[in-house]
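>>> What shape does this take:
(chains A, B, C and D)
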There are 4 protein chains.
Amino acid sequence: VRKRVVAVIGGGECSVEEACFAEELGRRLAEEGIVVVTGGRGGVMAAVSRGAQQAGGLTIGILPGTHPDESNPYLDVAIPTGMGELRNGLVVAAGEVVVAIGGEYGTLSEIGLALKVEKPVLGWRTWRPRHYRGTDAPIIAVSSVDEAMEQIQQFLEHSIGEEKT
Amino acid sequence: VRKRVVAVIGGGECSVEEACFAEELGRRLAEEGIVVVTGGRGGVMAAVSRGAQQAGGLTIGILPGTHPDESNPYLDVAIPTGMGELRNGLVVAAGEVVVAIGGEYGTLSEIGLALKVEKPVLGWRTWRPRHYRGTDAPIIAVSSVDEAMEQIQQFLEHSIGEEKT
Amino acid sequence: VRKRVVAVIGGGECSVEEACFAEELGRRLAEEGIVVVTGGRGGVMAAVSRGAQQAGGLTIGILPGTHPDESNPYLDVAIPTGMGELRNGLVVAAGEVVVAIGGEYGTLSEIGLALKVEKPVLGWRTWRPRHYRGTDAPIIAVSSVDEAMEQIQQFLEHSIGEEKT
Amino acid sequence: VRKRVVAVIGGGECSVEEACFAEELGRRLAEEGIVVVTGGRGGVMAAVSRGAQQAGGLTIGILPGTHPDESNPYLDVAIPTGMGELRNGLVVAAGEVVVAIGGEYGTLSEIGLALKVEKPVLGWRTWRPRHYRGTDAPIIAVSSVDEAMEQIQQFLEHSIGEEKT
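Numbers count the residues shown, from 1 in each chain, chains lettered A, B, ... in the order given. Alright, predicted model coming up:
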């Protein structure tokens, strides 16, 4: 049976609070048997992979460069792409749900891409893009790992339901 | 001599005001001999290409699909990619300066990518992404085509200067 | 510890002999704990994934489209890309060694890309590209799964050695 | 009116004969108003662009790196991609017809991709991939620039006809 996949995005450097949130999220995703996909580098990407791997989960990193050794040490599988920053779009494409934790401009681009292809985007202390027209981007703000996991579970169940009908 | 290139991004559908701004910008870019690169579809992309082409400029569209006929009718050269939404990153990569006019989530992703690779981003009635930390993304808001052209000229001159030294 | 990864390429439709070879190769790779990466579709890609999965291995498919359901049923993780045929390059980039089994023009392009980036390419009943100059592309012809596994083991050990020094 | 586009592929280093063939081909394409797209680097790519530019044609280079200055000096427009060797697929995607002149493994991958998407591929002193099954890849061997131009004209007229009906 194919595994469910969540993409976690965020800065290659991050605060202690962001790393704690990411690591705990990784642990919880792993406990549910959900694969964690990231951009494979440091910061949030390393923290969520470390949490997931320590809980026995599967972690995949989609790397900007061409060599698997450019990754953080918490990946089960490193997928080098050689596509540079364009690999951001592949991280988003790989996840059924996208979770943004903090992050800089790369994270902003990933949020935009995820919304463009109508994937659910959860956010913790991340970007809040407002349009000139006054509308906000529909990022689902979560305030705890518990809340994030609840949302993720709902989306994954919902999308299974869709495929069955 | 290689031509200077500006990428113009914005919605595949757009308001009359956005189309007017884009068309006038295209005309002005063409008059300066600057190549206009877009995503090659409708809305802002068509309007800026129409303006540029009518003023004798060169227009290039980088298309999501695999066939050149999916483009708007104002392109001199259509570059099909078959990369879907990931082609957004190529539009940004092609421009020395990026101008965002209105736009939806695709435009938001392009703004993020451009900032990530430290390209200057001008914006007219577009996204204003604010981070949880309180910082705003450094989009240079312009209020007229004149102001946009002034900024573009400055950036292009500056980057020539850099290369010479 | 990061897992070793072998990319297996070949036709989306294939002969019974090719499917048997691929399935047996998948089983053997899985027994060595090696991850099998493919393009995620039918034919050789399905057969090698089926063999690997039945032997308890990990199978990853890098898909041309945007939806994970476009894959064969033998994947643990489906990575949709939306990049169409350009995703071929990602399959090659993901493998430390590339094995070509039969195949058509897509396989030919993958062989070219793998040689370009100096990855070892093993081939079983596949393309033999000869240059006008008279030189043959350095595809290592194997005549059995045993021989393929021997070569793969040698390359993987060699590249670990390289990294250590 | 959108311009017709031919992609010319070949080695980043090349023989004097290959450079002469490429330069003459570029000149002839330019005289017909056909845009020349290449990978933007040296060797065959530089020679065909030089020929085209000297005859007043339009030359576009799709670069592997992120900076337009990595190109040969004969481009009107440089399109940096940051996609490394994966940009080969974009060169092929951009051309309505693909002409291979000599070349190494990158050229082989481009030939494979072009055949995969059913584009006509002309070849001069390039790869001749033969399958294990005994079939040859359908590269149309040309022995002179005249012959190449005749074939190109036929394909371009044919594809206009297709679109009209």
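>>> Which strand residues bridge A:Val77?
A:Ile60 (DSSP bridges).
>>> Surely A:Leu156 is in contact with A:Lys119?
No. Judged on CB atoms under 8 Å, A:Leu156 makes no contact with A:Lys119 at a distance of 12.0 Å. (Each C-beta comes from the backbone N, C-alpha and C, glycine too.)
>>> Show me where chain A has its strands.
A:5-10, A:35-38, A:59-63, A:77-80, A:97-101, A:121-124, A:127-131, A:140-141 (DSSP state E).
>>> closest one to C:Arg133 among these?
strand A:77-80 (31.1 Å; CB to CB).
>>> Could you count how many residues lie near the nearest residue to A:Gly61 once chain neighbours are set aside?
Nearest residue to A:Gly61, sequence neighbours excluded (CB to CB, 6 or more residues apart in numbering or on different chains): A:Gly40, at 2.3 Å. Neighbours of A:Gly40 under the rule other CB atoms under 10 Å in any protein chain shown: 29.
>>> Quick check, pLDDT for A:Gly40.
A:Gly40 is assigned a predicted lDDT (pLDDT) of 97.
>>> Please name the residues that touch the residue lying farthest from the centre of chain A.
Most distant residue from the mean C-alpha position of chain A: A:Arg133, 28.4 Å away (CA atoms, centre = their mean). Contacts for A:Arg133 (CB atoms under 8 Å, 6 or more residues apart in numbering or on different chains) come out as B:Arg125.
>>> how close does it sit to chain D?
32 Å (CB to the nearest CB, to the nearest Å).
>>> Equivalent analysis for A:Glu23, please.
With CB to the nearest CB as the criterion, A:Glu23 and chain D are 31 Å apart.
>>> Please give me every residue in contact with that residue.
Here A:Glu23 is in contact with A:Ala47, A:Val48, A:Arg50, A:Gly51 (criterion: CB under 8 Å, 6+ apart).
>>> do A:Ser49 as well
A:Ser49 neighbours (CB under 8 Å, 6+ apart): A:Gly26, A:Val36, A:Thr38, A:Gly40, A:Thr59, A:Gly61, A:Asn72, A:Tyr74, A:Leu75.
>>> wouldn't the fifth one be in contact with A:Asp76 here?
Yes. Distance between A:Thr59 and A:Asp76: 5.1 Å, which falls inside the contact criterion (CB under 8 Å).
>>> So between those two, which is more surrounded?
A:Thr59 (29 against 19).
>>> So for the closest residue to the more buried one other than its chain neighbours, what's the pLDDT?
Once flanking residues are discounted, A:Thr59 sits nearest to A:Ser49: 4.2 Å by CB to CB, 6+ apart. Per-residue confidence (pLDDT) for A:Ser49: 98.
>>> ditto for A:Gln53
Predicted confidence (pLDDT) for A:Gln53: 97.
>>> Please apply the same query to A:Glu96.
96.
>>> likewise the one 10 residues further on?
For A:Gly106, the model assigns a pLDDT of 95.
>>> so who does it touch?
Per CB under 8 Å, 6+ apart, neighbours of A:Gly106: A:Ile9, A:Gly11, A:Gly12, A:Gly39, A:Glu85, A:Asn88, B:Gly112, B:Leu113, B:Lys116.
>>> ok, now with 7 Å
A:Glu85, A:Asn88, B:Gly112, B:Lys116 (CB atoms under 7 Å, 6 or more residues apart in numbering or on different chains).
>>> how many neighbours does the spatially closest residue to A:Leu115 that is not a sequence neighbour have?
Closest residue in space to A:Leu115, ignoring its immediate chain neighbours: B:Tyr105 at 3.9 Å, by CB to CB, 6+ apart. Residues near B:Tyr105, counting by other CB under 10 Å, number 23.
>>> circling back: next, show the common contact partners of A:Thr59 and A:Asp76.
A:Gln53.
>>> For chain A, give me the ranges with low pLDDT.
A:160-165 (pLDDT under 70).
>>> longest helix in it, by residue count?
helix A:145-164 (DSSP state H).
>>> how far is that one from where the chain is centred?
Its chain's C-alpha centre and that of helix A:145-164 lie 15 Å apart, by CA atoms, centre = their mean, to the nearest Å.
>>> Next, the buried residues of that helix.
Buried residues in helix A:145-164, counted by 16 or more other CB atoms under 10 Å in any protein chain shown: A:Val145, A:Ala148, A:Met149, A:Gln151, A:Ile152, A:Phe155, A:Leu156, A:Ser159.
>>> Skip the chain neighbours and tell me the closest residue to the last one.
Looking back up the chat, that one is A:Ser159. A:Ser159's closest residue in space is A:Glu96 (CB to CB, 6+ apart), at 6.1 Å.
>>> quick one: contacts for that neighbour?
Here A:Glu96 is in contact with A:Arg4, A:Val5, A:Val6, A:Leu156, A:Ser159 (CB under 7 Å, 6+ apart).
>>> now it: how far from B:Val36?
Separation of A:Glu96 from B:Val36 (CB to CB, to the nearest Å): 37 Å.
>>> how much space between the residue nearest to A:Gly61 and chain B?
Taking CB to the nearest CB, one finds A:Gly40 at 16 Å from chain B.
>>> do A:Gly51 as well
Applying CB to the nearest CB to A:Gly51 and chain B gives a distance of 21 Å.
>>> Please apply the same query to A:Val1.
27 Å.
>>> try A:Gln151
A:Gln151 is 18 Å from chain B, by CB to the nearest CB.
>>> now A:Val44
With CB to the nearest CB as the criterion, A:Val44 and chain B are 13 Å apart.
>>> Close to chain C: what parts of chain A are there?
By the rule CB under 7 Å from any CB of the partner chain, the part of chain A lying against chain C is A:2-3, A:5, A:35, A:60, A:66, A:68-69, A:75-82, A:90, A:93-94, A:117, A:163.
>>> which of these are buried?
For the residues of chain A next to chain C, buried by 16+ other CB under 10 Å: A:2, A:5, A:35, A:60, A:68, A:75-82, A:90, A:93-94, A:117.
>>> Now for the closest residue to A:Pro138 other than its chain neighbours: which residues touch it?
Leaving aside its sequence neighbours, A:Pro138 sits nearest to A:Leu115 (CB to CB, 6+ apart; 6.7 Å). Taking CB under 7 Å, 6+ apart, we find A:Leu115 in contact with A:Val121, A:Ala137, A:Pro138, B:Tyr105.
>>> and if you look at A:Gly56?
A:Ala30.
>>> before we move on, the earlier item: so the residue nearest to A:Pro138 versus C:His158, what's the distance?
Distance, A:Leu115 to C:His158, using CB to CB: 45 Å.
>>> One more: A:Thr59?
26 Å.
>>> cool, and A:Gly102?
Distance of A:Gly102 to C:His158, given as CB to CB: 40 Å.
>>> again, but for A:Glu31
38 Å.
>>> Which ChimeraX command selects the buried ones in the contacts of A:Leu115?
In ChimeraX syntax, the buried subset of these is picked out as below (16+ other CB under 10 Å):
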select /A:121,137 /B:105
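>>> From the contacts of A:Leu115, pick the one nearest chain D.
B:Tyr105 (21.7 Å; CB to the nearest CB).
>>> if I pick that closest one, what's in contact with it?
A:Gly112, A:Leu115, A:Lys116.
>>> How about A:Leu25?
A:Val8, A:Val48, A:Gly51, A:Val99, A:Val145, A:Ala148.
>>> So which of those residues is the closest to chain D?
Chain D has its nearest neighbour among those in A:Val8, at 23.2 Å by CB to the nearest CB.
>>> That closest one contacts A:Thr38, correct?
Yes. Contact criterion CB atoms under 7 Å: A:Val8 and A:Thr38 qualify, at 5.3 Å.
>>> For chain A, what lies in contact range of chain B?
A:85-86, A:89, A:105-106, A:108-109, A:112-113, A:115-117, A:125-132, A:137.
>>> All set now, cheers.
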